[in-house]
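A.B. asks: Take this sequence and fold it.
(one chain, ligands or ions: 2)
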Amino acid sequence: MSVVPANIESESPAIGSPEHRHLLGRFFLDTHVEYVPERMPWPKLGEQELARLRRLPFWQEAVSTENVTSNTVAAAAELEDDPLVRKAIELQGFEEARHARLLVALTSHYRIAIEPPPPFAPRSLESDFLFAGFGECFDSFFAFGLFALARESGFFPPALVKVFEPVMQEEARHILFFVNWVQYRRAQLPWWRRPAFRLRCGWIILKQVASRVRTARSLGKPQPQGAGSSENFTLTAHQDLGAQVTLHRLLGLCLTENERRMAGYDARLRRPRLVPGIARLLLRLIPASV
Ligand SMILES: [Fe+2]
Ligand SMILES: [Fe+2]
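C.D. replies: Ligands and ions are numbered 1, 2, ... in the order given. Alright, predicted model coming up:
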């Protein structure tokens, strides 16, 4: 892992500088972890554990999301002329495809029915990459907390938690890479194009927030037959995991886990601030009983 020890003065390189580009690319390539989804040691589950796993409604959505993200990210490598950053984006595309493969391996091993998603071709390389990246900033943040909850509550047996641990850590790397890439990308633009880029990012973030607010508002309301809780499933999954948890506690857990997962990476990289900032604000606003 590319780590700058805490006792060494670490200064972040200027955004968009060759040092920043090198740091961005090297951090991502050097922290890649090898594993083969098709060779995972799937634990033997008891009848009850298996039934619980099969009842979770989000497998289809999870496979579809990873399919869209992997195709979007792989295509976005073309945006980059710099070989190191391009290689890092290609590697992220590979890792996203590996997440989809891992889900396919899990669902086929435990005989959970899913439809193979149709091939996805992004329409606009940059906008789709930005949309997927900002979406991951929200989804992964909630997934960190939910994963910790499932681990603590014993909903998933420890052996299954172990299989998915590298996926969670990879998502932390992805959002760390993405927030630094967005800043790097903006700095590469001529000054007069930067405001439009900022506006586009702001608009995409607003769309992602609006979609999650819609999901949050529908929580607790009766769902139409067959609707399930697939969209933004990381927001609704705590209900499916059967855990008795308040939103307050879940947000706190997401924040702690987010910090823990980011802590090991090079201190000179900019950390994600938007989603943890929203979570901190919500924690102050909502009572602990909610
Ligand atoms: Fe993923
Ligand atoms: Fe990812």
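A.B. asks: List the buried residues in the helix or strand hosting Arg212.
C.D. replies: If you go by DSSP states H and E, Arg212 is part of helix 194-218. Neighbour-count burial for helix 194-218 flags 197, 201, 204-205, 208, 212, 215, 218 (criterion: 16 or more other Cβ atoms under 10 Å). For the C-beta atoms, the positions are set from N, CA and C on the backbone; glycine is no exception.
A.B. asks: Pull the most distant pair out of those.
C.D. replies: By the measure Cβ to Cβ, Phe197 and Ser218 form the most distant pair in the buried residues of helix 194-218, at 32.5 Å.
A.B. asks: what is the orientation angle of the host helix or strand of Leu160 with helix 194-218?
C.D. replies: Using DSSP H and E, the element containing Leu160 is helix 158-188. For helix 158-188 against helix 194-218, the angle by axes from the mean of the first three to the mean of the last three Cα atoms, to 10 degrees is 150 degrees.
A.B. asks: does ligand 1 sit close to helix 158-188?
C.D. replies: No - against ligand 1, helix 158-188 shows no contacts by Cβ under 5 Å from the ion, the least distance being 5.7 Å.
A.B. asks: quick one: that helix near ligand 2?
C.D. replies: Yes - applying Cβ under 5 Å from the ion, one finds helix 158-188 touching ligand 2 at 171, 174.
A.B. asks: Now that helix: buried residues?
C.D. replies: Per 16+ other Cβ under 10 Å, helix 158-188 contains these buried residues: 160-161, 163-164, 166-182, 184-186, 188.
A.B. asks: next one: stretch 264-274
C.D. replies: Using 16+ other Cβ under 10 Å as the test for burial, stretch 264-274 gives 265-269, 272.
A.B. asks: export the residues you listed to JSON lines and tack on distance to Ser64, pLDDT and secondary structure?
C.D. replies: As requested, the buried residues of stretch 264-274 are arranged in JSON lines below (distance: Cβ to Cβ, whole Å; pLDDT from 0 to 100; DSSP: H, G, I helix; E, B strand; the rest coil):
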{"residue": "Tyr265", "distance to Ser64": "29", "pLDDT": "97", "secondary structure": "coil"}
{"residue": "Asp266", "distance to Ser64": "33", "pLDDT": "96", "secondary structure": "coil"}
{"residue": "Ala267", "distance to Ser64": "36", "pLDDT": "95", "secondary structure": "coil"}
{"residue": "Arg268", "distance to Ser64": "36", "pLDDT": "95", "secondary structure": "coil"}
{"residue": "Leu269", "distance to Ser64": "30", "pLDDT": "96", "secondary structure": "coil"}
{"residue": "Pro272", "distance to Ser64": "24", "pLDDT": "96", "secondary structure": "coil"}
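A.B. asks: for those, which one is nearest Pro119?
C.D. replies: Pro119 has its nearest neighbour among these in Pro272, at 30.1 Å by Cβ to Cβ.
A.B. asks: Identify the residue spatially nearest to the residue in the stretch 51-200 of the chain that ligand 1 sits nearest to, adjacent ones excluded.
C.D. replies: The minimum distance from the stretch 51-200 of the chain to ligand 1, using Cβ to the ion, falls at His99 (3.8 Å). Closest residue to His99 apart from its sequence neighbours, by Cβ to Cβ, 6 or more residues apart in numbering: Glu66 at 4.5 Å.
A.B. asks: what angle sits between the helix or strand where that neighbour lies and helix 158-188?
C.D. replies: Counting by DSSP H and E, the element that carries Glu66 is helix 59-76. In terms of direction (the same axes, to 10 degrees), helix 59-76 departs from helix 158-188 by 30 degrees.
A.B. asks: by contact count, what packs against helix 59-76?
C.D. replies: helix 83-109, helix 125-153 (3 or more Cβ pairs under 8 Å, 6 or more residues apart in numbering; DSSP states H and E).
A.B. asks: Can you check which of those gets nearest to Pro118?
C.D. replies: Of the helices and strands packed on helix 59-76, nearest to Pro118 by Cβ to Cβ is helix 83-109, at 12.9 Å.
A.B. asks: got the buried residues for that closest one?
C.D. replies: 85-86, 88-93, 95-107.
A.B. asks: again, but for stretch 53-70
C.D. replies: Quick answer for stretch 53-70 (16+ other Cβ under 10 Å): 53, 56, 58-70.
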